[in-house]
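J.: Return atomic coordinates for the entry below.
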Amino acid sequence: MSPFDIQEIPAAMRKMLLPVSATLMERWFAGKLNYSPTDAEEAAEINQNGMPYPPEMYDATTVKLDWVLRFAHAKEKYDYLITEAIRSPTAKEVLKRKILPYKNSMTLLDCADMCDDDTAKLHRHFQFQLASVDGTFAQKIELFLRNMRRSGVPNDLTGALGSFNFYAALGHARFHWNVGSRSTRAEVKGIWVYVKDNYTFTDRQGDRSQYLGHWSTDGVIVIPLDAVAATSPYIPYIESSVTLGDPVIKGNVYYPVHNSDFRRWSAKHHRGGDFVVYSDRRYVPVVPPITIDL
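T.: Numbers count the residues shown, from 1 in each chain. Next comes the predicted model:
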C-alpha cells in the first residue's frame with residue numbers, strides 16, 4: 001500500500017501556490033458520492049443513480065472569470081469567442097433557433113431575466129457558442145510543452161480546470177417588424193460569457209486512466225514519458241515511485257496518481273462528488289449587433 005494518500009494532494013497544491021485547484025479538490029473529497037457512469041450521462045448531468053445532479057453539485061462561486069483571464073492562453077480563446085466565433089454562420093443558425101419562439105411575443109428579449117438570473121438555466125436555454133481551452137489534441141500537446149517549461153508543474157488554471165470551455169449565451173435581442181413584407185429581424189445587442197466545466201475523475205470509455213502526475217506531500221512532478229503515454233495507448237505508464245533526494249524524507253518520494261485512484265477512493269469511502277463548475281458571468285455588448293432574419 002502506498003504511503004501517500006491522495007487526500008494529501010490539496011495541501012500539496014497549496015504549497016505550490018495553487019489555491020483554486022486545492023479548493024475544488026477539497027470540495028470533491030467533501031462531497032457525497034456523485035458521478036456519471038458514461039460520457040453521455042456526464043453531458044446530461046445524470047448521476048450513478050440515474051438522477052439529475054443534486055443542487056449542491058453545482059459550484060458558481062469558486063472560479064472567477066477575471067482570474068481565468070489572467071492566463072494568456074485562456075484570454076486568447078476568450079477574445080476569439082467574443083470577436084469571431086459568435087459571428088460564425090453556425091452560431092447564427094443556433095441563435096435563430098433560440099430566438100424564433102419569441103418573435104411574436106415581445107420587442108426585447110432579456111434572457112437573464114427570463115432565467116431568473118440563474119447561469120445554469122441561461123446555459124440550458126440560451127447558450128449558442130463556445131471556445132475550447134486546451135481541449136483539442138493539439139492544444140493538449142501545447143499544454144504539455146508549456147508545463148514542461150515549468151518543470152512539468154501545472155499552473156493553477158490547469159490544476160483547477162484542465163481543459164474547459166468559454167461559453168456564450170444570448171443576453172439581449174431586439175425585434176424589428178416590417179409590416180409590409182411580414183418579415184421579422186432580430187438584433188443581438190449583448191451576450192453573457194462564462195466558464196463551465198465538469199469537475200470529474202471519470203475516464204472516457206475505452207481509454208486507460210488519465211495520468212495526473214507523480215505526487216508527494218510537497219507537490220507534483222510530471223514524468224515526460226507518462227505525459228506522452230497519456231496521449232497514446234501503445235506507450236506504457238511508469239507505475240513506480242520516483243525519489244528526489246533522501247528517500248527517508250516523505251516529501252521526496254513521488255507516487256503516480258491517475259483518475260482511477262480517485263474512483264477507488266470513492267468506492268471505498270462512498271464519498272467523492274463530481275460537480276459542475278460555473279464561473280461568474282460577464283455581459284459583453286455586441287457592436288455592431290448580430291442581425292438575424294426570422
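J.: alpha carbons only for contacts and neighbour counts from here, please
T.: OK.
J.: what's the distance between Phe126 and Leu294?
T.: 17 Å (C-alpha to C-alpha, to the nearest Å).
J.: again, but for Gly245
T.: From Gly245 to Leu294 the distance is 68 Å (C-alpha to C-alpha).
J.: Tell me where the stretch 51-200 of the chain has helices.
T.: 65-68, 72-83, 89-99, 111-114, 119-126, 137-148, 156-161 (DSSP state H, counting those that start in this stretch).
J.: nearest to Asn47, of those helices?
T.: helix 119-126 (17.0 Å; C-alpha to C-alpha).
J.: from the middle of its chain, how far away would the closest one be?
T.: 16 Å (C-alpha atoms, centre = their mean, to the nearest Å).
J.: Can you list the buried residues in that helix?
T.: For helix 119-126, burial by neighbour count (16 or more other C-alpha atoms under 10 Å) applies to 119-120, 122-123, 126.
J.: hmm, back to that, check the helices of the stretch 51-200 of the chain for me and report the most buried one.
T.: helix 156-161 (a mean of 20; mean count of other C-alpha atoms under 10 Å).
J.: which secondary structure elements does that helix contact?
T.: In terms of contacts (3 or more C-alpha pairs under 8 Å, 6 or more residues apart in numbering; DSSP states H and E), helix 156-161 is packed against helix 19-30.
J.: following the helix it packs on, which helix or strand shows up next?
T.: Next helix or strand after helix 19-30 toward the C-terminus (DSSP states H and E): helix 39-43.
J.: Check which helices and strands that next one sits against.
T.: By 3+ C-alpha pairs under 8 Å, 6+ apart, helix 39-43 packs against no helix or strand.
J.: ok, and what's touching that helix?
T.: With C-alpha atoms under 8 Å, 6 or more residues apart in numbering as the contact definition, helix 39-43 has outside contacts at 35-36, 47, 204-205.
J.: which residue ranges form the strands in this structure?
T.: 58-59, 108-110, 127-133, 164-178, 183-199, 211-216, 219-221, 242-243, 253-258, 275-278, 282-293 (DSSP state E).
J.: Using TSV, lay out these together with mean pLDDT, distance to Val94 and mean neighbour count.
T.: What follows is those, written out as TSV (pLDDT from 0 to 100; distance: least, C-alpha to C-alpha, whole Å; neighbours: other C-alpha atoms under 10 Å):
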stretch	mean pLDDT	distance to Val94	mean neighbour count
strand 58-59	96	26	17
strand 108-110	93	16	17
strand 127-133	96	6	22
strand 164-178	93	10	21
strand 183-199	93	12	21
strand 211-216	86	36	22
strand 219-221	85	42	22
strand 242-243	80	50	17
strand 253-258	88	38	22
strand 275-278	97	22	22
strand 282-293	95	10	15
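J.: looking at these, which is closest to Ala12?
T.: Nearest to Ala12, of those and by C-alpha to C-alpha, is strand 219-221 at 4.8 Å.
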